[in-house]
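Asks: predicted coordinates and the sequence they were generated for:
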Amino acid sequence: MTQVVHVPLGGRAYDIHIGRGLLDQAGALIGPVLPRAKVAIVTDSNVAPLHAQRLTEALQIVGIASSTLILPVGEATKSWPHLSETIDFLLTEKVERRDVVIALGGGVIGDLVGFAAAILRRGVRFIQIPTSLLAQVDSSVGGKTGINAVQGKNLIGAFHQPSLVLADIDVLDTLAPRDFLAGYGEVVKYGLLGNATFFEWLEQNGAALVAGDHAARSEAVRMSCQMKADIVVRDETEQGDRALLNLGHTFCHALEAATGYSDRLLHGEGVAIGCSLAFETSARLGLCSQEAPSRVRAHLKAMGMKTDISDIDGALPDPVALVALMGQDKKVIAGQLNFIMVRDIGQAFVTTDVSQAVVLSVLEESMAAPAV
Ligand code: GLY
């Protein structure tokens, strides 16, 4: 059964469809959004052989013509050269203001294509068809688009909401276990930041999710999208509450920078470690009980996920250098770093009042923790 989460953003409102077999129904679902029977699809070389033909056929069946650009896989694609290549493709395809561009892929494709759509002809519409768990529960929803700069991740971008999101649960079957678990880092984040009941549900259903239970996967994606939609509607451009979605991300971004945005640490793995460090820091600051970080770590470990910096292979900079890397975070305001701390599971809040000495000691201990 397909479930729909509505994102009520006035003139920028849209639906997120979540369910099985949505790729095969794409023509029927996308058709009503189009001004004419033509779309441009942008995907990557991993996703294209798995899903592009099915999408093209599903569009063709209802008479929608499509052309496809296939970009290289990986974070390096979120860069000026590939943005330029995408814009060239869309202009060559004569994509007009009311036309629709489809982003078929994970977070990299969604962010890049969304940004290309935001700036092409001062904004064309786009549809997200996320193919990774991370993209289905986070990056395809909420309109954050962009590319990376040499100075840091996602530093160049725009808020540009999609016109429709199709999260086909079946495509998650093609993910490597490591990629699925990385996406799960973002799912857990929702429970941890704002819904203890959802976290409890994940403690009970996490194993079924990993084993491939489609109903459980569908429910986890729906719940995550609903929570994200609620926050985005309250604070679309991150002036306040939306920062809560960055639980664990200040630590994560420093660790990603320290590992060169490489396969040593996938983004969702960094989020899981970051959440565990955010809970530990909160406990050290007396903001939450010591039971809370222990419970978070126990669940992440039970899922076979990384929870400590020592779980990352290879050498890393020392804690002082890691704190310096946090300074490049987008949450720095007037030179002050905003942290997302917690009062308990499901009770996150934003604060600047975090002692650097405590952060340093949490990082030091996490680097020395026995690796999984
Ligand atoms: N990924 C965090 C946000 O969309 O705000």
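Replies: Received the coordinates, thanks. Residues are numbered from 1 along each chain as shown.

Asks: only C-alpha atoms for contact and neighbour calcs from this point on.
Replies: Fine.

Asks: contacting residues for the closest residue to the ligand within the chain?
Replies: Residue nearest to the ligand within the chain (CA to the nearest ligand atom): Leu245, separated by 5.0 Å. Applying CA atoms under 8 Å, 6 or more residues apart in numbering, we find Leu245 in contact with Lys189, Tyr190, Leu193, Lys228.

Asks: return the mean pLDDT over stretch 252-262, rounded to an integer.
Replies: In this model, stretch 252-262 has an average pLDDT of 90.

Asks: do stretch 116-125 as well
Replies: pLDDT averaged over stretch 116-125 gives 97.

Asks: likewise stretch 320-336?
Replies: 75.

Asks: the stretch 51-200 of the chain: helices as residue ranges?
Replies: 53-61, 80-92, 107-119, 133-134, 177-194, 196-211 (DSSP state H, counting those that start in this stretch).

Asks: flag the shaky bits of the stretch 251-372 of the chain, pLDDT-wise.
Replies: 328-335, 372 (pLDDT under 70).

Asks: ok, back up a step: the ligand next: which of the contacts of Leu245 are close?
Replies: Among those, proximity to the ligand is found for none (CA under 6 Å from any ligand atom).

Asks: what's the closest of those to Thr145?
Replies: Lys228 (15.4 Å; CA to CA).

Asks: packing partners of the helix or strand where that closest one lies?
Replies: Using DSSP states H and E, Lys228 sits within helix 214-234. On a contact count with 3 or more CA pairs under 8 Å, 6 or more residues apart in numbering; DSSP states H and E, helix 214-234 meets strand 3-7, strand 14-19, helix 177-194, helix 196-211.

Asks: same for the second one, what does it pack against?
Replies: The elements that strand 14-19 packs onto, with contact taken as 3+ CA pairs under 8 Å, 6+ apart, are strand 3-7, strand 164-168, helix 214-234.

Asks: any idea how far whichever helix or strand comes after that strand is from the chain center?
Replies: Using DSSP H and E, the helix or strand that follows strand 14-19 towards the C-terminus is helix 26-30. How far helix 26-30 lies from its chain's middle: 24 Å, per CA atoms, centre = their mean, to the nearest Å.

Asks: quick one: mean pLDDT over the helix or strand just after helix 26-30.
Replies: Downstream of helix 26-30, the first helix or strand assigned by DSSP H and E is strand 38-44. If you average the pLDDT over strand 38-44, you get 98.

Asks: run through who's touching strand 38-44.
Replies: In this structure, residues lying in contact with strand 38-44 by CA under 8 Å, 6+ apart are 52, 64-73, 86, 90, 93, 95, 99-105, 109, 113.

Asks: what strands flank it, and is each parallel or antiparallel?
Replies: strand 65-71 (parallel), strand 100-105 (parallel) (DSSP bridges).

Asks: return the set of buried residues in that strand.
Replies: Lys38, Val39, Ala40, Ile41, Val42, Thr43, Asp44 (16 or more other CA atoms under 10 Å).

Asks: now stretch 169-177
Replies: Ile169, Asp170, Val171, Leu172.

Asks: which of those residues come close to the ligand?
Replies: Okay, of the buried residues of stretch 169-177, nothing touches the ligand (CA under 6 Å from any ligand atom).

Asks: will you turn these into JSON lines that also has distance to Glu269 and pLDDT?
Replies: Output for the buried residues of stretch 169-177, formatted as JSON lines (distance: CA to CA, whole Å; pLDDT from 0 to 100):
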{"residue": "Ile169", "distance to Glu269": "21", "pLDDT": "98"}
{"residue": "Asp170", "distance to Glu269": "22", "pLDDT": "98"}
{"residue": "Val171", "distance to Glu269": "20", "pLDDT": "98"}
{"residue": "Leu172", "distance to Glu269": "17", "pLDDT": "98"}
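
Asks: contact partners of stretch 337-347?
Replies: Residues contacting stretch 337-347 (CA under 8 Å, 6+ apart): 190-196, 199, 243-244, 246-248, 250, 278-279, 281-282, 287-289, 292, 326-327, 329, 331-332, 348-352, 354.

Asks: just the ones of those residues in helices?
Replies: Judged by DSSP state H, helices contain the following of these: 190-194, 196, 199, 250, 278-279, 281-282, 292, 326.

Asks: are any of the contacts of strand 38-44 buried, and if so which?
Replies: Using 16+ other CA under 10 Å, the buried members of the contacts of strand 38-44 are 52, 64, 66, 68, 70-71, 73, 86, 90, 95, 99-105, 109, 113.

Asks: averaged pLDDT, stretch 219-228. What do you get?
Replies: Rounded to a whole number, the mean pLDDT of stretch 219-228 is 98.

Asks: got the contact list for the closest residue to His82 other than its chain neighbours?
Replies: Excluding the flanking residues, the one nearest His82 by CA to CA, 6 or more residues apart in numbering is Leu71, at 7.6 Å. Leu71 sits next to Val42, Thr43, Asp44, Ser45, Thr77, His82 when contact means CA under 8 Å, 6+ apart.

Asks: using CSV, write out every CA atom in stretch 340-355.
Replies: Written as CSV, here are the backbone C-alpha positions of stretch 340-355 (Å, rounded to 0.1, in the frame of the first residue of the first chain):
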residue,chain,number,x,y,z
ILE,A,340,22.4,20.1,19.0
MET,A,341,22.3,18.7,22.5
VAL,A,342,19.6,16.5,24.1
ARG,A,343,17.7,16.4,27.4
ASP,A,344,16.7,12.8,26.7
ILE,A,345,15.9,10.5,23.8
GLY,A,346,13.5,12.4,21.6
GLN,A,347,14.3,15.8,23.2
ALA,A,348,16.9,17.7,21.2
PHE,A,349,17.6,21.4,21.4
VAL,A,350,20.0,23.9,19.9
THR,A,351,22.6,25.6,22.1
THR,A,352,25.9,27.5,21.8
ASP,A,353,26.7,26.8,25.4
VAL,A,354,28.9,23.8,25.0
SER,A,355,32.3,23.8,26.7
